[in-house]
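K.L.:
got a predicted structure plus its sequence, pasted below:
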Amino acid sequence: MAHDALKREVCRVNKEIVKAGLVTLTWGNASGVDRDAGVLAIKPSGVDYDQLAPDDIVVLSLASGEILEGTLKPSSDTPTHLYLAQKFPESNGIVHTHSTCATSFCQAGMKLPCLGTTHADHFFGTVPCVRALTEDEVREAYEHNTGVAIVEAFEELGIDPAQVPAVLQNGHAPFAWGATPAKALENAIVLEECARMALMTWQLNPKAELPRHILDKHFLRKHGPGAYYGQKN
Ligand SMILES: [Zn+2]
């Protein structure tokens, strides 16, 4: 069967988002992209994570969304994953959860500013909160237009999605992405932790902020051409 490695990895990451405490009931899904093969693989809709097996993972054409492999219906959020994967070429993994603290920011309609180096190590500045969709957008194609609104927001704000690999959607919940499904999972975990820390930080000091030069230092020592954090291969 084709796409076995991708389906195994997407299955594993879907189980990991539950183990990481990011998912209640079935409120979450992960996908993975193989750009050479032109496919996106995603969790099927409404299937228990315990029962999920690699063969349940649905494989779709990245370009058209046509189902290529799998007998189950893909996650209802599939059009959002597809659109983000099409428009953000460095996102080969996407994770959507309703993790409590990040979702609280979404429900409050608030972006998540960078308050410390934990955030700066993963996100190069504020994680934006994308506007709620209009009635027409929801009626017409809710999940697809969710992706459209996210991409529009990154373009308008001039944010590189490879440098801020997550978003908060107003009234809904977060999406995170990364170069691999495992990286997307890591970014979803970090986003939740940064949101939790921000809530506590603001309780202690509502005016807290991280100086820009420290934000720059922490992000750029781990990412980009001048990165030097970690071990050389
Ligand atoms: Zn959702």
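P.N.:
The structure has been received and is ready for your questions.

K.L.:
so for the nearest residue to Arg131 once chain neighbours are set aside, what's the pLDDT?
P.N.:
Distances taken as Cβ to Cβ, 6 or more residues apart in numbering put Asn170 closest to Arg131, at 5.6 Å, once the chain neighbours are dropped. C-betas here are computed from N, CA, C, even on glycine. pLDDT recorded at Asn170 is 96.

K.L.:
ok, Asn170 - contacts?
P.N.:
Cys106, Gly109, Cys129, Val130, Arg131, Ala132 (Cβ atoms under 8 Å, 6 or more residues apart in numbering).

K.L.:
can you do 10 Å?
P.N.:
105-111, 129-133, 149 (Cβ atoms under 10 Å, 6 or more residues apart in numbering).

K.L.:
would Trp177 count as being in a helix?
P.N.:
No: using DSSP: H, G, I helix; E, B strand; the rest coil, the assignment for Trp177 is strand, not a helix.

K.L.:
that one reaches Ile94, doesn't it?
P.N.:
Yes: Trp177 is within contact range of Ile94, at 4.7 Å (criterion: Cβ atoms under 10 Å).

K.L.:
overlap in contacts, the two.
P.N.:
By Cβ under 10 Å, 6+ apart, the residues touching both Trp177 and Ile94 are Ser31, Val33, His81, Leu84, Ala85, Phe88, Pro165, Ala184, Asn187, Ala188.

K.L.:
so the fourth one versus Phe154, what's the distance?
P.N.:
This means Leu84. 10 Å (Cβ to Cβ, to the nearest Å).

K.L.:
before we move on, the earlier item: of the shared contacts of Trp177 and Ile94, closest to Gly158?
P.N.:
Of all the shared contacts of Trp177 and Ile94, Gly158 sits closest to Phe88, with 14.5 Å by Cβ to Cβ.

K.L.:
for Glu156, see how far away the closest one is.
P.N.:
Phe88 is 15 Å from Glu156, by Cβ to Cβ.

K.L.:
what do you get for Val58?
P.N.:
Taken as Cβ to Cβ, the span from Val58 to Glu156 is 32 Å.

K.L.:
can you pull the contacts of Ala208?
P.N.:
Pro113, Leu115, Gly116, Ala198, Thr201, Trp202.

K.L.:
which residue, neighbours along the chain excluded, lies closest to Gln163?
P.N.:
Leaving aside its chain neighbours, Gln163 sits nearest to Phe124 (3.9 Å; criterion: Cβ to Cβ, 6+ apart).

K.L.:
neighbours of that neighbour, how many?
P.N.:
Residues near Phe124, counting by other Cβ atoms under 10 Å, number 21.

K.L.:
host element of it?
P.N.:
Under DSSP states H and E, no helix or strand contains Phe124.
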